[in-house]
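# Quick check, what structure comes out for this input:
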Amino acid sequence: MIPQHTIYKQVTLVIGLLAAILLTFIVGLGIGYSSIPYHRILPTMLGNGEFRESFVLFEVRLPRMLITLLAGMALALSGAILQSLTRNDLADPGIIGINSGAGVAIAIFFLFIPISPGNFTFVLPLVAFWGAVLTAAMIYLFSYKRGVGLQPIRLILTGVGFSMALSGAMVILISSAERQKVDFIAKWLAGNVWGTDWPFIIAILPWLLILIPLTFYLANRLNIIAFSEQVATGVGIRIERDRVILLLIAVGLAASAVSVTGGIGFVGLMAPHIAKALIGKRHQIFLPIAILIGGWLLLIADLVGRNLVEPDGIPAGVMVALIGAPYFLYLLFKKI
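As a prediction, this is how the structure comes out:
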């Protein structure tokens, strides 16, 4: 049974994070290359704005910020699942190669397979998913040992190796491609949020609406798997089957996010850690906090990055890496 004071703390944190996200949205809607006075935001939202105000708000800023928020949520939840499955605090979809697998699949699709612009938005998350699934399957096979099962440390090391190999494959792919297509892939690799139209929100939203509730349904199994393999087997959990299901959920969340935001890492590393530090390690309690922190982190990174240098700004992936890389080193030295 979850203590009452823990539930009260969770509700307080959720309300606080939602308020922080709302405040960030308000700030982000007003500032930028074409600023909108804050007293004009509400009238414009209600349909009483000028054409320029309506265009900037509804066609540029609002969809971009919603995409960034949703992608950050997906990456945070994916990272939380991977950390529990591997029982390793350093696990992250970007670090262990899942993002790289999705990236190579997107690069192959974008460079060599013609498709109509109308279907491109909705096909891309599926392409990223299958690229990430194939990568995750290879990592899983190389990490699995007959008679012992999945070895978490081996999974991390194998994932890092695959990530490096796939990065090399990406360089080979783009070395002979057209300049225009190379520019797109280079922006994708840097984590430059490019899917900034409403169709991209429609493309990513079903993944979250299905996979987030499914993760919460399996939260108690995550608790047991994260605690001990022997305990999980002892209470009758089919651990390998559940690991595969949860791994597919993590892959789907990460792939859907990076298909529209590019190769963004470290959000899945930092958000679960911050959430656990705030409220503890029980998944039913910390997962909602981690999801909101992940969305907020990426939202702030993109907001700061696009307003720091005009007009193109600094990619959100670079901004997150500036914070995430030192945090990764801190966790690494803490574990040694």
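
# For the residue minimising distance to the centre of the chain, list the residues it contacts.
In the chain, the centroid-proximal residue (C-alpha atoms, centre = their mean) is L75; its distance is 1.9 Å. L75 sits next to P93, L253, A254, A257, V258, I264, V267, G268, A271, G294, L298 when contact means C-beta atoms under 8 Å, 6 or more residues apart in numbering. All C-beta spots, glycine's among them, are computed from the backbone N, C-alpha and C.

# okay but the fourth one is in contact with A71, surely?
Yes - assessed by C-beta atoms under 8 Å, A257 is found in contact with A71 at 4.0 Å.

# Overlap in contacts, these two.
Counting by C-beta under 8 Å, 6+ apart, the contacts common to A257 and A71 are I204, I264.

# Can you get me a residue count around A107?
25 (other C-beta atoms under 10 Å).

# Tell me where the stretch 1-150 of the chain has helices.
Remark: helices assigned in the stretch 1-150 of the chain by DSSP state H, counting those that start in this stretch are 4-30, 41-45, 51-55, 62-86, 98-112, 117-143.

# residues in contact with A71?
V193, I204, S256, A257, V258, V260, T261, I264, L298.

# could the residues you listed go into TSV alongside secondary structure?
Shown next, in TSV, are the contacts of A71 (DSSP: H, G, I helix; E, B strand; the rest coil):
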residue	secondary structure
V193	coil
I204	helix
S256	helix
A257	helix
V258	helix
V260	helix
T261	helix
I264	coil
L298	helix
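
# Flag the least confident of those residues.
Within the set of the contacts of A71, pLDDT is lowest for V193 (74).

# Quick check: chain neighbours aside, which residue is closest to it?
Excluding its sequence neighbours, the residue lying closest to V193 (C-beta to C-beta, 6 or more residues apart in numbering) is T261, at 4.9 Å.

# residues in contact with the one you found?
For T261, the contacting residues are I67, T68, A71, G191, V193, W194, G195, L298, A316, G317, by C-beta under 8 Å, 6+ apart.
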